[in-house]
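Undergrad: heads up, no residue letters with this:
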């Protein structure tokens, strides 16, 4: 189990990171950066406020992006949410050291599947990431990897301090 921040700070920081993820999902930025922002804030929520805040941030904050009315975000929302769910599940069940590999891997598996399946005739669809699938996959994997490393660092730092 991860060592989180003390009780009042944990709640305040968890709410702040959730709201920051919602702002990231709503902001008028490219879809890639919006998705990366939500993912980064989910990992930071895990590190600071624990698993409930991480699930809230990873699964509810992306829904805030629907307010912007961007059809591209609506199209990518199932991919983003399923990837975030798998990454948070891997983070919870393989904490701490196996999560370094497993969480980023499960973050990118839905994206790899969708990138491969969307090129087949049965599932032929043009997604907003057309031509940039590799960039999405690599950047999400790197952000997930960095998020796990930051969470482990903060966990170990709190373990040393009484």
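TA: Good, I have the coordinates. These numbers come from a predicted model, not from an experiment. Numbers count the residues shown, from 1 in each chain.

Undergrad: C-alpha only now, for contacts and for neighbours.
TA: Will do.

Undergrad: Now do the strand or helix carrying residue 107: distance to the chain's middle.
TA: Secondary structure assignment for residue 107, by DSSP states H and E: helix 99-117. Computed by C-alpha atoms, centre = their mean, to the nearest Å, the chain-centroid distance of helix 99-117 equals 12 Å.

Undergrad: Which residue, neighbours along the chain excluded, lies closest to residue 137?
TA: residue 108 (5.7 Å; C-alpha to C-alpha, 6 or more residues apart in numbering).

Undergrad: now residue 50
TA: Residue 50 sits nearest to residue 4 (C-alpha to C-alpha, 6+ apart), 6.0 Å away.

Undergrad: again with residue 64
TA: residue 22 (5.5 Å).

Undergrad: Equivalent analysis for residue 141, please.
TA: residue 104 (5.0 Å).

Undergrad: ok, so what distance separates the one you found from residue 28?
TA: Separation of residue 104 from residue 28 (C-alpha to C-alpha, to the nearest Å): 26 Å.

Undergrad: more neighbours, these two?
TA: Using other C-alpha atoms under 10 Å, the more surrounded residue of residue 104 and residue 28 is residue 104, with 28 against 13.
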